[in-house]
Every structure is written in C-alpha cells, then in structure tokens.
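Engineer: give me a model of this one.
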Amino acid sequence: MRELDVERIPVGIDRAGLNPWSDALLLSTYRRLLRRVRPAAYLGFTIKPNIYGALAAASLGIPAIPNVSGLGTAFMRRGPLQRFVTNLYRVGFRRAPVVFFQNREDRRLFVDRNIVREQQARLLPGSGVDLARFAPVRANDGPATFLLVARLLRDKGVVEFVEAARSLRAALPTVRFQLLGPLDPDNRTSVSRSELDKWIGEGVVEYLGTADDVRPFIAAATAVVLPSYREGLPRSLLEAAAMSRPLIATDVAGCRDVVEDGHNGYLCEVRDAGSLASAMSRMAGLPQSTRVAMGDAARRKVQNEFGEVLVIGAYLDVLADLEPGQPGS
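Structural biologist: The predicted structure follows:
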C-alpha cells in the first residue's frame, strides 16, 4: 500500500457485537475520518462498514457505494436481529447512488423488501479474481483430496463436510478430507476448538491451519468443496476454479452462480451431509480425464465472468458518473 501511495487508517470494529454504544462510536469514527479526508466517494463492504460508513458519508454529502458481499448470519435466521439489520440497511443505503450485489438473489431480496430501489441495485461479478496469480495447475493423478477453504463456521457447512467425510471413510479409505481456515470464536456459528480437536483425533479430517497464500493447498487438491448455507459470491470457489479445479458446493445463492452441475463440478443439497457425501463420492470415482475437463470448464467460466478487471471496470464506471464538484472529487 505504501508503494502505491495509499494511506492506511486502521479502524477498530466489533464486527460481531450487538452493543449500540460500540456501533455509535464506530459511526462517529467514520464521520470524523471522512470529514478530514473529504473523499470523492466512500466504498464499503461487509455489514458494519457498509451501514455505518454509508450513514457517515451521507451526513457529509459524500456519495457512498456499498458492496453487499454476502448477507451474513443475521439474514439466515428470522427474528428481531434480522428485522433490526434490515432497518439499518434501509436507512444506511437510502442516499447511496449505487449499491453493488454479488448475486441476483441478494439483489432481488433487497429490492423486494424495499431496502434499496431498483435503480440503485447493480450486479457485480464477485470480488474478482487475479487470473494471472491464480493460474491453472495440473492436478495430481491419485487418490482424491477434498479441500474446504473457509472460516470454520457452521454456516459454511463445516459440520456437514465432516459428517460426509466420516460416512465415506469405510468405502473410500484413501481419500483425504482437508480443512483450511481459522476458527472464529467471535462468530455465533463458529466451530469450537474442542470439536475441531475431536475431528482431528478421529482422523476424519486433516486441519491445515491458516495460510496467507492458499494456492499451494488448492494445487494439491482434487476438488474444492463449499457446503455453505448461503453466500454472496464465494471467493474460495472462484480462486479454485481459476486454478482449474472442479468444484462441489451447495445449491444456494452465490454458490450456484459459480458451479454448473455436471459441467464444472457438482451441486448438493444444503444442510445435507448425505447429499454432499454422494457428490464427493461421484467426484472421487471419475476418471482423471473427466476431472481435468471439469477443471478446465471451471477456469473458462471464471475467465469469462469473474475476472477482477470486470469488477474494477464496474467501480470505475460508477465513479466516472459522480457529479463534478462533490467533496474531494
């Protein structure tokens, strides 16, 4: 960032907390920073930066461009929290000239609930993938290795992945099942350390810890798996596809935007370990040539639809349309 002459200003966020005083402090912090910087626009992503950053920007006449990269736990469970977050979104996004969504279903949900106006809501092809950095790598020809790359949350389908692995151990003793990603104890759906240790002790899965660079792990995998309950547009699948790996994911918003069943991978039922096990068993039983063809199809889809140049272009188009003379422009 320094080499690009980018100023980095850390902002502390209690991202999973529900304390109104903490959120009020965050709003005040955003407002103070934006008043000092006077930017041409505020670009946000994830729930609290989207909502409170957009509110602070609107109060100063600065256009906000939020990116709804996923709906999070609050939208998966009906109740007071979902209603509260819905109202926060509605107020926060009211004056945003554009709100980006990463799949059609999230966009439709926000429009149907009158959280955003139809003309505000635009589709974005995910977060984009650097197609040169995530280049195709030839897959190993041998026993299958299934890799799940995610925070270890129940909402990511981690428990179903472990249950599916357990059910396949007897029939497929040479197949490996791997988890890569951090525990997230601040998240209400996080897997506990004791649960993870139990799975490792059983020999059901291998835990690879965390990594700044996921490419070596994807390269060593036969297929990348994401049995998530709902996604924006999952980066783990896009990066795996860019490296020519076939995919297995749940038939839910976000995942089905990337996975074409039977073409570049398999879709399975959400919250269904049996359906996931069946998909992994099918993948393990394919000849290497078929898996390679699926991986090649995955790469082509990412090249055509999800390259980062498309995402950058969408942002530049919006920024170019902002009216001259706005703060900092």
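Engineer: can you measure across stretch 67-79, start residue to end residue?
Structural biologist: 24 Å (C-alpha to C-alpha, to the nearest Å).
Engineer: likewise for stretch 199-212?
Structural biologist: First residue to last in stretch 199-212 (C-alpha to C-alpha) measures 24 Å.
Engineer: in that stretch, which residues are buried?
Structural biologist: By 16 or more other C-beta atoms under 10 Å, the buried positions in stretch 199-212 come out as Trp199, Val204, Val205, Leu208. Glycine gets a C-beta too; all of them are placed from N, C-alpha and C.
Engineer: with stretch 279-297 instead?
Structural biologist: Ala279, Met280, Ser281, Met283, Ala284, Leu286, Arg291, Val292, Ala293, Met294, Gly295, Ala297.
Engineer: please save the CA atoms from that stretch in CSV.
Structural biologist: What follows is stretch 279-297, C-alpha atoms only, in CSV (Å, rounded to 0.1, in the frame of the first residue of the first chain):
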residue,chain,number,x,y,z
ALA,A,279,-21.3,-35.6,-4.7
MET,A,280,-17.8,-36.2,-3.3
SER,A,281,-18.1,-40.0,-3.9
ARG,A,282,-19.1,-39.3,-7.6
MET,A,283,-16.1,-36.9,-8.0
ALA,A,284,-13.7,-39.4,-6.4
GLY,A,285,-15.0,-42.1,-8.8
LEU,A,286,-14.4,-40.1,-12.0
PRO,A,287,-11.5,-40.8,-14.3
GLN,A,288,-8.8,-38.3,-14.2
SER,A,289,-9.5,-37.0,-17.7
THR,A,290,-13.1,-36.1,-16.7
ARG,A,291,-12.0,-34.3,-13.6
VAL,A,292,-9.4,-32.4,-15.7
ALA,A,293,-12.2,-31.4,-18.2
MET,A,294,-14.4,-30.2,-15.3
GLY,A,295,-11.5,-28.1,-14.0
ASP,A,296,-10.8,-26.6,-17.5
ALA,A,297,-14.5,-25.7,-17.7
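Engineer: Val214: which of the buried residues of stretch 279-297 is nearest?
Structural biologist: Here the nearest of those to Val214, counting by C-beta to C-beta, is Gly295; it sits at 16.1 Å.
Engineer: just flag the most distant two among the buried residues of stretch 279-297.
Structural biologist: Ser281 and Ala297 (20.5 Å).
Engineer: quick one: the strands in the stretch 201-329 of the chain, in order.
Structural biologist: Taking DSSP state E, counting those that start in this stretch, the strands of the stretch 201-329 of the chain run over residues 206-207, 223-226, 247-250, 265-268.
Engineer: could you dump those strands to CSV with distance to Leu168 and mean pLDDT?
Structural biologist: Converted to CSV, the strands of the stretch 201-329 of the chain look like this (distance: least, C-beta to C-beta, whole Å; pLDDT from 0 to 100):
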stretch, distance to Leu168, mean pLDDT
strand 206-207, 14, 98
strand 223-226, 12, 98
strand 247-250, 13, 98
strand 265-268, 13, 98
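Engineer: quick one: closest of these to Leu34.
Structural biologist: Closest to Leu34 of the strands of the stretch 201-329 of the chain is strand 223-226 (C-beta to C-beta; 35.3 Å).
Engineer: distance between the ends of stretch 199-219?
Structural biologist: One end of stretch 199-219 to the other measures 24 Å (C-alpha to C-alpha).
Engineer: quick one: contacts of that stretch?
Structural biologist: Taking contacts as C-beta atoms under 8 Å, 6 or more residues apart in numbering, the residues outside stretch 199-219 that touch it are 133-134, 137, 147, 149, 161-162, 165-166, 169, 176-182, 196, 224, 236, 239-240, 243, 245.
Engineer: take those and keep only those in helices.
Structural biologist: Phe161, Val162, Ala165, Arg166, Leu196, Ser236, Glu239, Ala240 (DSSP state H).
Engineer: let's test this: name the helix or strand in this protein with the lowest mean pLDDT.
Structural biologist: Lowest on mean pLDDT, DSSP states H and E among the helices and strands of the chain sits helix 80-92, with a mean of 86.
Engineer: quick check: pLDDT value at the residue sitting nearest the centre point of the chain.
Structural biologist: Residue closest to the average C-alpha location in the chain (C-alpha atoms, centre = their mean): Pro234, at 3.7 Å. On pLDDT, Pro234 comes in at 93.
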